[in-house]
Structure formats: structure tokens, C-alpha cells
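> My questions concern the predicted model and sequence given below.
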2 protein chains.
Amino acid sequence: MSDDPFVIFTPSGKRGRVPRGTPVLSAARRLGVDLDSVCGGRGICSKCQVAPSYGQHSKHGLSVAEDALSPWNAVEQRYDEKRGLKAGRRLGCQATIEDDVVIDVPPESQVHRQIVRKDAAERTIRMDPATRPLFVTVAEPDMHAPTGDLERLKTALAEQWGVTETVAALPVLRKLQPALRDGNRQVTVALHQADAGPAEILDLWPGLYEAGLFGLAIDLGSTTIAAHLCALDDGRVMASAGVMNPQIRFGEDLMSRVSYAMMNPGGDRELTDAVRRAMGELAASVAAEAGVAPRAVVETVIVCNPVMHHLFLGIDPVELGQAPFALATSDAVRCGVAELGLDGMNAAARAYLLPCIAGHVGADAAAVALSEAPGASEDLVLVVDVGTNAEILLGDRQGVLACSSPTGPAFEGAQISAGQRAAPGAIEAVRIDRETLEPKFRVIGCDLWSDAPGFAEAVGATGITGICGSGIIEAVAEMRMAGLLDPSGLIGSAEQTGSARCVPEGRTQSYVLHEGDGESPRVAVTQNDIRAIQLAKSALYAGARLLMDARGVDRVDRVVLAGAFGAHISPLHAMVLGMIPDTRLEKVTSAGNAAGTGARIALLNRAARAEIEAEVRRIRKIETAVEPRFQEHFVAANALPHASDPFPELSAIVPLPKVSFNTGAEGGGRRRRRRA
Amino acid sequence: MSDDPFVIFTPSGKRGRVPRGTPVLSAARRLGVDLDSVCGGRGICSKCQVAPSYGQHSKHGLSVAEDALSPWNAVEQRYDEKRGLKAGRRLGCQATIEDDVVIDVPPESQVHRQIVRKDAAERTIRMDPATRPLFVTVAEPDMHAPTGDLERLKTALAEQWGVTETVAALPVLRKLQPALRDGNRQVTVALHQADAGPAEILDLWPGLYEAGLFGLAIDLGSTTIAAHLCALDDGRVMASAGVMNPQIRFGEDLMSRVSYAMMNPGGDRELTDAVRRAMGELAASVAAEAGVAPRAVVETVIVCNPVMHHLFLGIDPVELGQAPFALATSDAVRCGVAELGLDGMNAAARAYLLPCIAGHVGADAAAVALSEAPGASEDLVLVVDVGTNAEILLGDRQGVLACSSPTGPAFEGAQISAGQRAAPGAIEAVRIDRETLEPKFRVIGCDLWSDAPGFAEAVGATGITGICGSGIIEAVAEMRMAGLLDPSGLIGSAEQTGSARCVPEGRTQSYVLHEGDGESPRVAVTQNDIRAIQLAKSALYAGARLLMDARGVDRVDRVVLAGAFGAHISPLHAMVLGMIPDTRLEKVTSAGNAAGTGARIALLNRAARAEIEAEVRRIRKIETAVEPRFQEHFVAANALPHASDPFPELSAIVPLPKVSFNTGAEGGGRRRRRRA
């Protein structure tokens, strides 16, 4: 026994003695080392590549001889000739251990490799997809043991991969015998192993299938649908794309779509068909872009809000339109894409919808919770996913609270006089000079500020077409900082402010950001625009406050802005508006499209599904619609930044002008008053 | 405790003390008494009716007072007024136990009631269907506990019925909220509980659904498809019907259909579509005949031979057409009817196909094994399912052997000069007078023999159209018994036999059963007909002998003839032909459509499915195509009844004339020689 060679695997550090002549792959399995293999040790898939490390390893007290592993064999030679093996690499299933050795398992040879998210460097996703390709050799049929080929395939999976319980649907059964014939009794199956129950053969190919399996993470928003095609072996994003949600033609916001479904017989069906068709087309186009065959796409994870969730599943969302906002189902949904009418991928692909947290807090919020993990946070974090509805999570290791707040679409540029969606030509950033009160801005599609030389030419092609959500937020916050807007949200007149850009419009004032010309429209911030933003931000703030009340706190340690839109909100401007509670500015971060990231995590890691399902059950839900204090918080939050809550952190960095343009109550308010 | 009233349930005899005031239904459950309830004790389904038995019960040493049960309550009164309660009956969920009592549970109130098969009085089917209606009251939605309605329904099923793990597909989810609204939060679900895994909600109805659930047992034959619609509560057959298998237009026998599939691209698809369409139409028509809504048909069990099995499942049967006759799958198939493209029933109905025993021994043979249970037989039984292929089972408690034998369609009237299927007008029974050598016969659709007065008028409408399988078997056997046919199968000439009905046809002889006239064709038994029957019966006998060899026996204790056709074979005539091994005549019985009965058993009793799946794995399979002794047995079995095997039981009751009409070898054979 002590004569057996000693083997140390890096980076895991797992070690032990194995009998001389043990293949490296077998040794890895015995010692619990994560070493991949699709072909099960037949020397054809090359997934089990390892790098032996020769010479002195003082750290391990081991000296590794050049012949610690067996010499190259014919299989390795053939593989190297055909495909090329990196210098220093061996096939783990071919090389046998002959003496003490240190063997490194490179990341690409690990099944459960960790992939580092570019958008949030602290977080890694452990690869553990539900569907994997497994290569098997199936016994020849035997007249004297006349079971079926499916049963022989199941036996092969049990014997060669330890998968003891397997099921296969009819389409697989149809392909089985031709594939066994073409593959000379060898096939690769796409095996889906959910948390519970038998494993399912989703598809199969003759021989060794090497083109890889893929999954699609879909963020199904009210306005846009975004899809990321990910490789299920290493998680890399092969392609991403987005399309408009075609349901928009039935209603810009969700409630008008619910109304459409209620008022028009079969309307819910129309909405369902439209979104499914668009998703199928999106799936096909993303696969085409990545050069991936739709058949290779065997999984999809979908996140969305509750109304989209129901409409997508073909459930009439009418109950979500009225108290008590009863979901038809809240748990995660696992089904086949065929049941969902989703084309553009393997017809047997499995779909997973994250659980909904509550009638107004959907699977998208659950995905944000999965991505941002507030329940694992050491400090108290407020996660705000800003969209038509804002989903708000507040929590730390002690527990997580969630609610939804009806912000309306103002933050997305809707209900704004010159508002538009974030698209080339839209003003996305605004600065107002504190002295001259003159604005400058940037439009999407052009990196220059509007006062920079060459801006007119640079922006020429698209022109200036309107103002998007982040643009209007910055404009309003800048107006407040420049003293053009008082805490109650009134725009001052030219007289009051001293800016000729403040122009009367009926009985109220507007601030002109951009004088239109023949080619571009005039873009001004009207008093109505301000009111729309005030309503939206009050709702958002009131929701956050409600959670803070429930938690019994007055402040949070940090704020995460999620949502594609969240990525574009300037933290400073958001705080000037009082969208979010007062916090140290550097503690306000953007998580990018956290819902989409959550979908990707659930796609690539099985355990994450169970994890978020358990977490969602633990989350304490607050229904804003029936909380009496919501209205109170809402009214108080109307002021910019707030009527009563102090904003000490904000005050420390940005002193806000104490102005008042209310002409009714106080004559002395007529003149603009500056503090600085 | 000892003060508690003592209750005895009959017929189970289960007994015990329960606290005073316990409802009878609760007492039954506590004591493990089988008492049905759909509404879970709400006094609305009336399934829990019981009959208390008052007075002295000396057998039990119990005196039951008139007030042993609580007086009628309002619920019972209302039920009685609305629907009428049989005299002496009480609702088990309403009546409470107040004193010692004897309570009878009538058969219709038992969940697992036993139904006695009419066609085989010894056998009973224990009702235990996989799908049952369950009535539940679902909690109101709660904004402060915002789970979904599906989750509330699952909780209700767990709390009210003890069903802890439940799943529901999307169509159920779509119906859920409208049903909860219409039913005022009460619904009846059709719950399918397979042996393993979670229970599945197949469908649901608002309120208490009382129209019952049904299942369809389908015997999918090569020639005909028969369906029996059964109530899933008490197993009664609501309606039965049959249609021709439309695949016949692609080939009369299975191998020509396999050839069609091989020769024509997409041919297998055509065959699949045709049979599925016919089955769907049959399902719809049987439901219509029974006045049952297709939606109420929630299960189907299908039995068929391996080629039909594959064609029905959409699997190319090409591998079944050549050695090693590899099945794509041999295990039982469980799936949804939607996957099978079966219409005419609930779209969520579950389908169950019995396992196949081997490449030539299908789910129909498994159904016969389930129905006839050779493995439970005390004596050695040979079960023969006679059809285009004969499936043969031989066994007793020691074990069961199975094989299939290629009899060809002669036994079904095909390949016979005047042959036709069993239909009105076909000669189905034949007798030949031993002295006059004149025949008489009966045709399907007329009870008179052809020599009876009034026969011509009685048969007038349909006429005499040909001869069917049982007719040709009887004709050949009668010819042998009358000395018109020698042991080698040669028909004697008029000279040799002394019958003018023997007429030359080319170089051979025919025996004329019926001289045709303007209205009906001539029906004669030709030498080719005899050869066809000899080939068929030799194959059948050789298969049986092969199993007997494997078992190491020379005789069997009894023979069961299964198959719709088996029901019409006369045991005597079958033995004269040497179709079956020599056995005491009274030990040859018919099991009717045993495959269909097996399908019904699997439909009505869940445990029977597990039972036959285990049994099929135990059955020892013999592949006749590769057993060298098959050919040997086949040749020896060509003679009538047999060249070498003695038939002592047969000889004891029917001495067969020792004649020989071979004109080549022996001149002396010319004259017909009679022994008796």
C-alpha cells in the first residue's frame, strides 16, 4: 500500500496513493478531483486534459520523475496528430500513474470550473448545468435477452456514468435506433438532471457529439426581451440580442395589457402568442449569430415580472390586476419549451422560470435576488430594480424584505413631453452650469457633450430626437441643483431664476434644453414632466421606506441600482431627486442587468435554482397597495429630495439651493434666492 | 377509553373503539376501513353511504340500539330531498357514532371494491385506478402570504387528502383561477397517482364534479382496433366498439407494413398517423355512445403487438423486420395522449402501454399474461393467443416461458381460396357426416345449420359470402375425421373417398362445401387451403413444443385459447388438426379477448401495472426464428395431427381414419380405407 505512488492534484490540493498503473482520470475520480470527461475515458473527447508537473516540489515535499506518468500511448499520439495537444498536456484517461506525481487540472478540464463575471468581479458562477453531454457505448441487441434498445441505453448510462434512473420522451425513442446504427452502437445523449426525479434524455446524436450544448437566458421585460446564449460547458456568452416586446401594440404598460386581455375575448391568447413568437424568433436569431444550431440549445431560463410571467405561460393575468393580486402560481415553473410554444431551440429543451416573490414582485426580482444576494450581505443593502414597476429588496444575513412600487413609466421616458426610449438620438445625460444656467447634454450614439466642437457633425446622422429616462432624471436633478426648481418641484420663471431658458407654458414654466430646428424637435422640461418624475420617484422612495419601516431602520448601508436602466442612472442625480434613501455616494452602485445575470446564474448552476427557490420562500413580502403608511410616505417623498427625511450625506457633497417659486403663498418667493 | 363505543364494520370485519361523536367516515379511516369519499367529508358527494345494522348481533356479541348513530342531520335531510337516499342508508361523513354499532359498507361505497369478471368468474379486479376525482376547498388568496393559487391548491390536497407532492401542467394552471372563481374556491381535481413520483393534476372542474372519470382500454390489433370505455369508480364497461385498423391499406400483414415503411420515405409516419387518427375517432365514438364527455376520459391503456406498438409510437419498425428483432423499447410506456396525437379524450389524459416481452412478443401478450396469469397457475398451462402471429405462453408458479410463432393469416381466413374475415355471411362452423360425407354449416348472423328448414330464408339477407378462420379450421378437421383427408394433408379424389363433393382442380382435389349460385359464391376447401392451414398450425404447434422442450415436458395440464378468434375455435377441431398439444378436451378452454381483458385490468388497477412489468422481466423468452429445433418441430407438425407425437387423449375420443391418398408412392393407397 505504501509502495503505491502518491499523487497530488492542483489546484484542489486533493491527494492520496493509488495503485501503480491507475489512469489519471480514475485517480481523480477516486480522490474526488473535479476532472471532466464526456466520452467516459475512451480517449476521444479530450476533456480530461491534465498537465503533470515534473521536478522538485518542495512545497509538497515531492520529487516528480520524468517517467512518473506512462509514456504517450497510441491514443494520445493519434489525438495529437489529428487535433493537437497543448505542450505539456496529457489525456487523463490514457496517461497512467507510475510514480509520485503532481498533476495540475487546468480550468477548462474542470466540470465545475468557476467563471468570473465581468460585470461584478466579486462574484463567480460555479458551472453545474442541469444538462450535460454524455457519450456511451450501448450493448448490441441480443435475441436471448430481448429488452429494448432504450433499456440497453439506460443500462449503459448507469454502468458508464452512474446515472441510475433515466427517462426519455417519444421523440428520443424515435431517433434512438437510427442513431445507434449510424454511431455503431455509440451515441452522445444530452442528459438533463434536475434536482429531483429521474434524469431525462433530451436528445441524442450518433457517435461522439462535440459541437457543445447551449442554454438561453432570457430577460422578458414589458418593453424589451433580451437573450443571452451561453455555452453550458464553460458559461461563456456566445451571443446576446434584444427585441422589443411585441405586446407593446396591445398596451404600453402592463395594466393596459391586462385591460386588453379583460376587454377582448381571446385577448390574453393574442398577447401570449405574440410574446412567444417574438421569443422564438429571438432565440433563433441569437443562435444564428453565434453559429450554434438551434438543436444544440437544450435549456432556457426565463425571468420576468408577474404579468409577463402569466401572459407568457398563457394564464389570464386578470387576477393580477386587482386586489388581492393572486398569482396563479408562485413557485418556479419547470416544463418543456414545446409546452410553451417556444421555437428557435431544441424542441425538447427544458425551460425554467424562476419563482415569483409576490403578485407584484416577479421572477425578475427573484433573479435580482439571486444575482445580488442581499440575503448573503454583511451590511444592509437596498436593491432597486428600476423599470415600469420598481422591485425593491432590502436585507442582509438577518433576512430580506421585498415589495414592488408602481413608479409608472416616467423613468423610462414615457409620459414625458419630449420623452422617448433609450435609443440613438435620445438625450441621456444633462449638465446645467450653476452660474450661467446653460445646459449641455449628451445623446445616445455620440460621445461628445453638446458644447464640444464637432458635436453637431458627430450627432448629425441620428439628430437629437428626444430625452430618455436617465436624461430626464439628470435634467430634473440638475435643475434642482442649479436652483431652477424649488424643493416642491416648481420650475421658476425667467424672472425668478434669471434664466431665459425658463419660458412660460400656460400657467407654468418650462426649461428649454434644446431649441428644435428643422431637423430636431425642441426638447424642454415642462412642469408636467417634473410632476411625472415626482410621482415616480415618490413611489420608489415610499416603497423603500416601507421596507425600512418593516425592518425598523432609518438608513441603509448601501444601495444597488439594478435593471438595464439602473446602469445608466447617475447615483448623485438619483439622490438629489430623492429616488433613493440618503446614503454615502460611493455606497450607491449599479449592478447592470441583474435580472439577466440572475437568469444566467440559474442557467449555469443547478444548485442556484434550489437556492433561490428557498430564498424566495424566506423573503418577507410587503404589499404596498394595502399598507396605509405607503400613502403617507408617498406624499412626504414628493418634495425634492424629501419634505421631512434629512439627507445629510447628500447635503455634505451637494448643497441644494433653498429656493421657492410658489407665487400663491408668499410674495417674497418671487425672486430666486441662492444660498451659495 | 373503554367507555368509548365499539364499532364493527362489515364486510371487512375491522373493529375498534372510537370516541363518542366520531363521524362514521372518520372512524372508517382510523380503522383502515375502505370507505369512499370524493368531497372529503363535506356531505355533498354521497360516496360514503353506509348501512347501520340495528338489533342483536349474536355473532359479534353486540346489541345495537336504534340511537347508536346520531339522528339525521340537516345535510342528510337536504341530500335525501334533493337526490334521495336509499332506505337504511346514512351519509358516513354526517352520521356520528354514539353507541356500539355494526356498520355495513355496501360495495358501491368502497374505493377498492372488487368487480367480478363475467367472462372468467374466478377472477376479480380490485378497483384501484391511477386517476381519481378529489374535491378540495382552497384557501382564499392572502396579500400577506402571497403564494400562488396553485400552491394553495397543493396545500389543500396535502391537508385534505394527504397528497403531499403534486404537479400540474400549464393547461391546468390556465384553468385554475377561473375554476376557483366559479367554484367559490372549491374545485374537483382529477388526480393521477402513478406508482412513483409526484401526483399529477390532469384537469379540474369548479365545485363538486360528479359526472365521473373514465378510462379507455384499447386492444390495438393488426386487423381491428377494439376499445372498451370503463368507469374508473366501479369498472363497469360503459360502451365497447371496434374499427378496422386503417393500416390495412398499406399491407394486410405486419411484415408488408414494415416493408411499406422501409420502401417509402415517410411511410412509417403515414402508418402512424393513420392508426392514431382511427384510434382518436374510435375513442370519440365510444364516448359518444356511452354519453360520456371526452374530457371525462382521463386514462387509456393500450395493448398491441411489437410492430403495432412501434408504429403507434411513431418509431420506425424496421429493426423488428430482421434479426436480432431489436425493440426500440421494451418497458411499459407512460406518456400523455397529446404526445401520442390521440384525440377523442381529455387532452391531458395519461396513456399506459404494457411492456413488450420480446421483439415478437408484444404488449398484447403481456396483457394476456396479466389476464390469464400463467405464473400464478398451480398446473402447467399453455396459453395461445391466436392471430396473425401466435403468442404462446407456457408456465406455472415455477416460471413462465414465452415465444411468438409466425402462423401467418390463414387462421383469420386470409390466404384461403374462399376465405374472408369473420363477418356476417361467413361460414363459421362446419360438420361433415361420417357416413354420407355430406357437409352442413352455419354462417355468421344466422343460428340455423344449413340443413335446417328455413335456412335459406334465414340467411337470405347476407347470403353465404365465404369462410372465416374458425370455419376453415372446422372444415379441415371434419374432413380429416370423415376420412376425406389423409394424415399428410392430401384430399382424396371422389374415387378414393366415395364422395362426389371431392372434385379435381388441376392436379389436386377440392372438397365442395357449398355450390355457389347466382347470389352466393362457391365455397370449396382446396388442396392449397389445406397446405395454408398446415403451415399455420405447424408453426403454432412447433412454438408450443419449443416452450415445452425448454421447460422439459412432453405434455401440458391445460390449454387456454386466447384472442377474439380463440373464442371461436372448437377445442376438438383444434386438437384434430394438431394445432395444440394433446390434452384432455375439457382442459382446453377459451379466455375470450384476454388481451383486452388485460388492458382493462391495467386500466382499473394500478398495482397490476407494476405486477405485469415485474412478471415480464421474469418471463423467459424463446426466439423461434433462431432456435434450430423450431424447424424440426415445424416439419414434424405438418401431419394431421402429427407425424410422431402421440395424441392419446384425442385418440380416446375421436378415432381418426387411417387413410392415405398418396398416389405416387403406393398404389394400394388409392382406395379409401376406413378403420371404423
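Ah, there it is.
> For stretch A:641-657, buried residues please.
A:641-642, A:645, A:647, A:649-650, A:654, A:656-657 (16 or more other C-beta atoms under 10 Å in any protein chain shown). To be clear about C-beta, it is placed using only N, CA and C from the backbone, and glycine gets the same treatment.
> again, but for stretch A:221-232
So for stretch A:221-232, counting by 16+ other C-beta under 10 Å, buried means A:221-223, A:225-232.
> Just the ones of those in strands?
If you go by DSSP state E, those have A:225-231 in strands.
> just those now: which is nearest chain B?
A:Ile225 (19.6 Å; C-beta to the nearest C-beta).
> Of the buried residues of stretch A:641-657, just say which sits nearest to chain B.
Of these, the one sitting nearest to chain B (C-beta to the nearest C-beta) turns out to be A:Asp645, at 26.3 Å.
> Verify the stated contact: that closest one with A:Pro581.
Yes: with contact defined as C-beta atoms under 8 Å, A:Asp645 reaches A:Pro581; the gap is 7.5 Å.
> Can you pull the phi and psi angles for the spatially most central residue of chain A?
Central residue of chain A (C-alpha atoms, centre = their mean): A:Gly596, 1.5 Å from the mean position. The phi and psi values for A:Gly596, taken as degrees, to the nearest 10, are phi -60, psi -40.
> for it, what are its contacts?
A:217, A:219, A:226, A:228, A:303, A:367, A:564 (C-beta atoms under 8 Å, 6 or more residues apart in numbering or on different chains).
> so which of the residues you listed comes closest to chain B?
A:Val303 (16.5 Å).
> quick one: what helix or strand has the nearest residue to that closest one once chain neighbours are set aside in it?
Spatial nearest neighbour of A:Val303, chain neighbours left out: A:Ala367 (4.0 Å); criterion: C-beta to C-beta, 6 or more residues apart in numbering or on different chains. According to DSSP states H and E, A:Ala367 maps onto helix A:363-372.
> Would you tell me what the next helix or strand after that helix is?
Next element after helix A:363-372 (DSSP H and E): strand A:381-385.
> So what touches that next one?
Under C-beta under 8 Å, 6+ apart, the answer for strand A:381-385 is A:364-365, A:368-369, A:372, A:374, A:390-396, A:540, A:544, A:547-548, A:556-563, A:566, A:579-581, A:591, A:594-595.
> Looks like A:Arg17 contacts A:Pro5 (just checking).
Yes: counting by C-beta under 8 Å, A:Pro5 is a contact partner of A:Arg17 at 6.8 Å.
> who has more neighbours, these two?
Legend: neighbour count by other C-beta atoms under 10 Å in any protein chain shown for A:Arg17 and A:Pro5, higher for A:Pro5 (20 against 17).
> Distance of the more buried one relative to B:Ala544?
63 Å (C-beta to C-beta, to the nearest Å).
> Point out the residues in the stretch 251-400 of chain A that sit beside chain B.
Taking C-beta under 8 Å from any C-beta of the partner chain as the criterion, the stretch 251-400 of chain A approaches chain B at residues A:313-316, A:318-319, A:323-331, A:335, A:339-340, A:356-359, A:361.
> and the residues you listed, which are buried?
Of those, these count as buried by 16+ other C-beta under 10 Å: A:313-316, A:318-319, A:325-331, A:335, A:340, A:356-359, A:361.
> show me what contacts A:Ser488?
Contacts of A:Ser488 by C-beta under 8 Å, 6+ apart are A:638-640, A:660, A:662.
> Show me what from the stretch 501-650 of chain A comes close to chain B.
Residues of the stretch 501-650 of chain A lying near chain B (C-beta under 8 Å from any C-beta): A:621, A:623, A:625-626.
> For those, give me a markdown table that also has neighbour count, secondary structure and pLDDT.
Converted to a markdown table, these look like this (neighbours: other C-beta atoms under 10 Å in any protein chain shown; DSSP: H, G, I helix; E, B strand; the rest coil; pLDDT from 0 to 100):
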| residue | neighbour count | secondary structure | pLDDT |
| --- | --- | --- | --- |
| A:Lys621 | 20 | strand | 93 |
| A:Glu623 | 21 | coil | 88 |
| A:Ala625 | 16 | helix | 83 |
| A:Val626 | 12 | helix | 84 |
